[in-house]
Structures are given as C-alpha cells and as structure tokens.
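S.K.: Okay, here's the prediction I keep looking at, along with the sequence it came from:
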Amino acid sequence: MSILVVGSVAFDSVETPFGKVDEVLGGSGTYFSTSASFFTEVNLVAVVGEDFPEEHMQFLRSRNVNLAGVQSAPGKTFRWKGRYGYDLNEAHTLDTQLNVFETFMPELPAGFEECEYVFLANIDPELQIKVLNQVRKPAMVACDTMNFWIEGKREALLKTLRLVDTLLINEGEVRQLAGEANLVKAARSILAMGPKTLVVKRGEYGVLMFTEHSTFAAPAYPLESVYDPTGAGDTFAGGFIGYLAATRNHSEANIRKAIVFGSVMASFTVEDFSLNRLKQLELPEIEERFRKVKLLTEFEGIA
Ligand code: AMP
C-alpha cells in the first residue's frame, strides 16, 4: 500500500563535533521518503526552489519515490542550519529559512488522494492540514512536528493533532507540547489532544510508545560511530510507517515490529552526514540489524 507524505525538501548546513557540511540534501520529506522507499511506494508532496539540482531529484526517483507532487517554484529552496554538541540527542537550530515554503499551496496530483497511509512530516501545521483535507479515506494518519511549530503555530498544530492517529515527536517536544516535565504524564495529556498513539523519540536512548492501554520501549541500536543525527526522526518514521503500509497489519505485535524497523533505519542515517549512508544501504543490512536488535533485548521471564 502506498504512502503519501508531505514534508520539507531542504538544503541543510550541519555542524557536529565530528564534522561540518554545508547546503547538503536534507529535509523531513526527503529523509522520510528515502527510508520508507525500502518498504513500499512513496508519493512525496513538497516544494523546491529554482536552485534545487536535478541530481537530488534523480536520486529520489532512483529510490522509486513518486515526485509528481513536488512543485518547483520561483525562489530559493528551504534551508535549515543546525548544530549538535557532544550530546547528539538535541539539535540547536541556528537558522531556518522557509523560502519557497512561505507561499506553498500543496495540491495533490491525480491518484495521491487515494493513498491510505499518510505521513505529515515536520512542516508548517497549516500545510499539514491542507494536505490531509485532500486525502479521501486514509487508514492511518501520522504526523511529526518540532519546537519551531509548537512555539510559533500552536493553534494550527492542535487542530492537526485532532485529526491524526499517531504522533511521533522527540522527548523535549513532548514536554514542551504538554507543558509537563514528567514524560508519562505528558504522554497522557498528549493522547487527550487527539492521537491514539504517541511515539516518543529519545535519540540514543531509543523509543517509547504510549497508547491508552499499553507502553512499549525499544532501544536504539548501540553504534560505535555516530556522525550526524540529522534526519534520524524522519528516517525512523519512514521505517515505522513504511513497514506498517507494506504489511497493512495494525496489531500491537506488528506495530512493535514497525517501531524496531524505524529504529533500525534511523541507526543507519546517523552513521554519516546527510543521506550518504541511506544512499549506500541495502535491504540485507536492514534485516541483519533488525535481528541484532531482537537479540539485544531478549531475556527470560521469572517463574
Ligand atoms: P530530524 O529527523 O528531526 O532530525 O529532522 C531533520 C530535518 O528537518 C532536516 O533535514 C531539516 O531540513 C528539517 N527541518 C528543520 N527545521 C524544519 C522546519 N521548521 N520545518 C520543516 N523541516 C524542518
């Protein structure tokens, strides 16, 4: 089953303790699409400026991402500049230039409105709603957001949250959105805002999933070399929703498996800057790492 995603396609400039890159391919829509493309067909809705090179479009096409919903507009592509300290779990945004996203009017090309799996990646919540309103009968709608929108567009974001099944955000954003320091209490108050499932991304500490009746924890794969966490969240979402869309099974057991696929995908992204590692990735490596994560958490019960 194919996925519809709306998100940013960007030029990122990133500094980590291990290196620095300028104006490399990034964006929430880009990371998500590339990751999900390992599992199923992806239809991307986004906008790029006149400065966006054909080479990047070619890469996404080579991953079988349908770009019919990517508009090319006069002006510059979205740009994000961020820095990470030794605590790679938190990005410090240095600059955000919306550029062509300021006037973007998303319109779904024919066929996109039939997609049953929808991911509203990190982007202006007003654009998220505009896209969702054009989809006919989704089986699952998930969304992401960040501090930039929690602070700047809270009302629109709350409206989006009333319409989604699953929210995926990081730990700091959970506390900020709920106005509550305790993660469990914060999760409960976010579930009351609309989503039935909340997935909390905790960087190197893994992922926690909350529903009304259950909590699930998955570790992050322990890596010896982490270069750049940018895009880990979107790559996680790509693996998570990609697997669910490919299997069309929303049982608790399958959702847990999807969470682990998400973590596995994210573990590859952070091994290099931009999408460099994902560009080299092969399916058997994903399966092998999935098996290793399973072993990592296996233990016996008590009598
Ligand atoms: P993450 O997966 O959370 O690390 O997301 C990183 C990606 O989000 C980067 O490639 C950025 O281009 C993109 N990004 C950063 N800020 C924004 C924003 N305000 N709106 C949309 N995308 C953004």
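M.R.: The structure has been received and is ready for your questions.
S.K.: List the contacts of the residue of the stretch 101-250 of the chain at minimum distance from the ligand.
M.R.: Per CB to the nearest ligand atom, residue 233 is where the stretch 101-250 of the chain lies closest to the ligand, at 3.1 Å. Quick note: C-beta positions are derived from backbone N, CA and C, even for glycine. Neighbouring residues of residue 233 by CB atoms under 8 Å, 6 or more residues apart in numbering: 28, 122, 144, 168, 170, 201, 266.
S.K.: Try it again at 6 Å.
M.R.: By CB atoms under 6 Å, 6 or more residues apart in numbering, the contact list for residue 233 reads residue 201.
S.K.: same thing with residue 290?
M.R.: Contacts of residue 290 by CB under 6 Å, 6+ apart are residue 264.
S.K.: What distance do you get for it to residue 297?
M.R.: Counting by CB to CB, to the nearest Å, the gap from residue 290 to residue 297 is 12 Å.
S.K.: can you check residue 176 too?
M.R.: Distance from residue 176 to residue 297, by CB to CB: 29 Å.
S.K.: And those two? Which one has more around it.
M.R.: residue 176 (16 against 11; other CB atoms under 10 Å).
S.K.: For the closest residue to residue 220 other than its chain neighbours, list the residues it contacts.
M.R.: Excluding its sequence neighbours, the residue lying closest to residue 220 (CB to CB, 6 or more residues apart in numbering) is residue 206, at 4.5 Å. Residue 206 makes contact with 218, 219, 220 under the criterion CB under 6 Å, 6+ apart.
S.K.: where exactly do the strands run in the chain?
M.R.: With DSSP state E as the criterion, the chain has strands at 3-6, 10-16, 19-26, 42-48, 65-72, 78-83, 92-97, 117-120, 140-144, 166-170, 197-201, 207-211, 215-218.
S.K.: ok, and which of those strands has the densest surroundings?
M.R.: For the strands of the chain, the largest average neighbour count (mean count of other CB atoms under 10 Å) is found in strand 3-6, namely a mean of 29.
S.K.: pull the CA atoms of that strand into PDB?
M.R.: Extracted C-alpha coordinates of strand 3-6, given in PDB (Å, rounded to 0.1, in the frame of the first residue of the first chain):
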ATOM      1  CA  ILE A   3       2.200   6.200   1.300                       C
ATOM      2  CA  LEU A   4       1.500   9.900   0.900                       C
ATOM      3  CA  VAL A   5       4.000  12.200   2.600                       C
ATOM      4  CA  VAL A   6       4.200  16.000   2.800                       C
END
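S.K.: Just the mean pLDDT for that strand, thanks.
M.R.: For strand 3-6, mean pLDDT rounds to 98.
S.K.: ok, now stretch 193-209?
M.R.: Stretch 193-209 carries an average pLDDT of 96.
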